[in-house]
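Undergrad: sequence? don't have it. structure:
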């Protein structure tokens, strides 16, 4: 050996197990931060793509233009793309449908949210695309590639757009054509701002150029890109992300620090020997720094590779369920995220190495050789650990003494477990809150077609009779038909003790009333009648109680929806959660409210003006099975009970929701349903929900996969971190354990002692981690509360999972090193210098 620097390589080769464990610790830390960075980038990209798909890629739209404005926009270096478009006057297609022809330039077509479901977008002036339902109203035999007449002008139909359910309900269709020579005098202008400039600043500057009230922002896209209005609530969401990233950074540095600290602390004796033969403190520090460099060169690339594997696993999962065919997922492998992750890892490694190296360089050679630098001599306390000894025996008392004997090792090990628990509790809370904010999947997303009256927004609606329902149910292609009834509004009198704190703070949701001499709380509610099929499928959403049609009818029974939506007028935010603490078996007094808004602004509301019915809560659902947008307490019941409460017989459904046996038979099924309606001479229309629901389900599913994948990766990294720390802790104490065995401790006793040590570390780490994790969970709640109001609860589920996992992992972690200790030679182990 020609240089003391060669000691580094020799040490790493000699102690392969310790080296591997340290590399694993660093690798996991780098994988954690890079994976989470790529996750957040992927989630943002997914939301941005969803915003573009639904609202277009433009940032600003000028609805009124002139030569001066056009010149300023076209020549502005901050503008990357722009396009012109015109919108024709409404063209009547029959009695029920109106269409507008949107003529756009090439660039405008790129910036619009229109995508061809079949065929392509127009490339020539005489080419058009339209929604399927519009084409059938114009020409029943319309096909892509054929000619079609619109407003007495012939076009080539080159594509079919995705059907929009709301357009079908409104009877307003869109036809899209192309023309690069649009008259700019009356044209609208779509503008996309360059990614190289500050988006928010550029948006504000360009808005000033147009006339007031004629400039429209693509608000959702701007919010997703971080340039939205501060009042939108997204600022709180970004604050929550900042908290998450901050925790990850601290955890990354701590995990790497632990890996080095355990390694260096246990090698103090070696450093003392080197100092004794003349090595200077500076040379000791160089040895440790050199070791850090070698480990970084191996562990950082491996950590980045692990994060790429995790991200690609998410993409593969998304492709396996087929959702990428609707919304292609593009989780970009950002070089910036990988570079920042590597830089943070490198910084953490050197910082983690410098502190122990400084400590190693300063220590006295004699103290280091004696091995007493890190062991704390305890004061004699006869009653110490008596409770533990009584429960777990002598081995338990010894385990309790051991974990506190070396304070530094104890803190490092507990801190490592605390980090893992905090990470899991934090990310589980973040996932739950994120899913609370986003829309969830329910049965409405599985509906393929709806049959409703074209006049459903008027006071005189077309109801659906039994003959039409039976004819549609009899169709071969139809699997299920759900009867959808209108919502009916009621005043509900509940016990004063049933109020929810968050709702009380809103001010005007609860009103005071007196019924039969008893003070009650009055709240608005809405009842939706469910048919047999709807009640059956509702069982999937059951939180408590049970759904039995016979009991609902015989016992004046109703079903409550647990989570409701309310708009808070004070904060201008939406609240999502329970609005009354009502349990199964509770009674509610209901009065039909013909004029729902009649007394909404009165603090004391009159009750008992009409007939009051006392109903019994038979079941509570977690969420609503079918979406209905009524605010207040949502109640579900049978048709028989609904007619009794409303005081009206023969209530008919206002809509039919249809589920097909095979969604591939979309066109055939629509023709059959249309024929069934026409055979009954009914003024109903068929609404195609397939495209909208497919897109919506894919978006929600994509967010869920990312969030669940997120928590899975964090859980895996946290688990391996605990295993790594505890395994390293035990392997480095082989001499200590051999000494205990040599003075009479049996292998069984040693195993019991080490297992109890692992469990004690797990318990202490879980307690501290749960407290810290709960605090961070509350901070996340306060941040995300700016976006939507919802109640906060202590994350007991996350704490329970993390505590159980830390104990199980603590137990599993000690099994492998125990088996190695059992197989080792007792005399050689005692003579080892660690």
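TA: Looks like it came in fine. Bear in mind the structure is a predicted one, so any value in this text is a computation, not a measurement.
Undergrad: thinking residue 174 is in contact with residue 104, fair?
TA: No. The criterion here is C-beta atoms under 8 Å, and residue 174 misses it with residue 104 at 11.3 Å. Yep, even glycine has a C-beta here, placed from its N, CA and C like the rest.
Undergrad: of these two, who's got more company?
TA: Using other C-beta atoms under 10 Å as the criterion, residue 174 and residue 104 rank with residue 104 on top: 27 against 18.
Undergrad: mind listing what that one touches?
TA: 83-86, 112, 176-179, 182 (C-beta atoms under 8 Å, 6 or more residues apart in numbering).
Undergrad: please repeat the previous calculation with a cut-off of 6 Å.
TA: residue 85 (C-beta atoms under 6 Å, 6 or more residues apart in numbering).
Undergrad: do you know how far the nearest residue to residue 257 once chain neighbours are set aside is from residue 724?
TA: With sequence-adjacent residues excluded and distances taken as C-beta to C-beta, 6 or more residues apart in numbering, residue 257 is closest to residue 352, at 4.0 Å. Using C-beta to C-beta, to the nearest Å, one gets 14 Å for the distance from residue 352 to residue 724.
Undergrad: the stretch 501-650 of the chain: strands as residue ranges?
TA: Assigned by DSSP state E, counting those that start in this stretch, the stretch 501-650 of the chain shows strands spanning 511-515, 518-530, 542-545, 557-561, 564-568, 573-577, 587-592, 612-621, 633-637.
Undergrad: can you redo those strands as TSV with mean neighbour count?
TA: As requested, those are exported to TSV (neighbours: other C-beta atoms under 10 Å):
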stretch	mean neighbour count
strand 511-515	16
strand 518-530	21
strand 542-545	16
strand 557-561	24
strand 564-568	18
strand 573-577	19
strand 587-592	20
strand 612-621	18
strand 633-637	24
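Undergrad: looking at the ones you listed, which is closest to residue 11?
TA: strand 573-577 (57.3 Å; C-beta to C-beta).
Undergrad: for the closest one, what is the average pLDDT?
TA: The pLDDT scores in strand 573-577 average 72.
Undergrad: next one: stretch 629-640
TA: 86.
Undergrad: what residues does it touch?
TA: 487, 492, 523-530, 549, 552-553, 558-559, 561, 564, 566, 579-580.
Undergrad: past the strand or helix carrying residue 49, which element shows up next along the chain?
TA: If you go by DSSP states H and E, residue 49 is part of helix 16-55. Using DSSP H and E, the helix or strand that follows helix 16-55 in sequence is strand 60-62.
Undergrad: what pairs with that following strand, parallel or antiparallel?
TA: With DSSP bridges as the test, strand 60-62 is paired with strand 188-193 (antiparallel), strand 215-217 (antiparallel).
Undergrad: and those, which one is worst for confidence?
TA: strand 215-217 (a mean of 89).
Undergrad: list the buried ones in that one?
TA: Under the neighbour-count criterion of 16 or more other C-beta atoms under 10 Å, strand 215-217 has 215, 217 buried.
Undergrad: kindly report the same for stretch 806-822.
TA: Here stretch 806-822 shows 806-807, 809-810, 813-814, 817-818, 821 as buried, counting by 16+ other C-beta under 10 Å.
Undergrad: among these, which are in helices?
TA: 806-807, 809-810, 813-814, 817-818, 821 (DSSP state H).
Undergrad: which residue is nearest the middle of this protein?
TA: With distances taken as C-alpha atoms, centre = their mean, residue 434 lies nearest the centre of the chain, 4.0 Å away.
Undergrad: nearest spatial neighbour of that one, chain-adjacent residues omitted?
TA: Nearest to residue 434 is residue 707, by C-beta to C-beta, 6+ apart, at 5.8 Å.
Undergrad: quick one: that neighbour is in a helix?
TA: Yes. Under DSSP: H, G, I helix; E, B strand; the rest coil, residue 707 sits within a helix.
Undergrad: what does the pLDDT read for it?
TA: At residue 707, pLDDT is 73.
Undergrad: number of nearby residues for it?
TA: Neighbours of residue 707 (other C-beta under 10 Å): 20.
Undergrad: and if you look at residue 87?
TA: By other C-beta under 10 Å, neighbour count at residue 87 equals 15.
Undergrad: tell me the domain boundaries of the protein?
TA: 6-46+235-439+696-831, 57-217, 478-660 (automatic domain parsing).
Undergrad: which one of the ones you listed lies closest to residue 675?
TA: domain 57-217 (11.8 Å).
Undergrad: show the end-to-end separation of that closest one, please.
TA: End-to-end distance for domain 57-217, by C-alpha to C-alpha, to the nearest Å: 11 Å.
Undergrad: ok, residue 101 to residue 138 distance?
TA: Counting by C-beta to C-beta - residue 101 and residue 138 are separated by 12 Å.
Undergrad: now swap in residue 813 and tell me
TA: Residue 813 is 70 Å from residue 138, by C-beta to C-beta.
Undergrad: kindly report the same for residue 639.
TA: From residue 639 to residue 138 the distance is 39 Å (C-beta to C-beta).
Undergrad: for residue 255, same thing?
TA: Taking C-beta to C-beta, one finds residue 255 at 64 Å from residue 138.
Undergrad: assumed residue 211 was part of a strand.
TA: No. Counting by three-state DSSP, residue 211 is not part of a strand but coil.
Undergrad: is it in contact with residue 64, as I believe?
TA: Yes. Here residue 211 reaches residue 64: they are 5.5 Å apart, a contact under C-beta atoms under 6 Å.
Undergrad: ok, residue 255 and residue 138, which is more surrounded?
TA: For residue 255 versus residue 138, neighbours defined as other C-beta under 10 Å are more numerous around residue 255 (29 against 20).
Undergrad: state the helix or strand in which the more buried one lies.
TA: Using DSSP H and E, the element containing residue 255 is helix 234-265.
Undergrad: residue 316 too?
TA: helix 281-320.
Undergrad: buried set for that helix?
TA: Buried-residue list, helix 281-320, by 16+ other C-beta under 10 Å: 284-288, 290-292, 295-296, 298-300, 302-304, 306-308, 310-311, 314-315, 318.
Undergrad: show me what that helix is packed up against.
TA: helix 6-14, helix 16-55, helix 335-362, helix 690-731 (3 or more C-beta pairs under 6 Å, 6 or more residues apart in numbering; DSSP states H and E).
Undergrad: the last one to helix 16-55, inter-axis angle?
TA: Looking back up the chat, that one is helix 690-731. 160 degrees (axes from the mean of the first three to the mean of the last three C-alpha atoms, to 10 degrees).
Undergrad: ok so, going back, help me confirm that the residue nearest to residue 434 comes into contact with residue 431.
TA: Yes. Shown here, residue 707 and residue 431 form a contact pair, counting by C-beta under 6 Å, at 4.5 Å.
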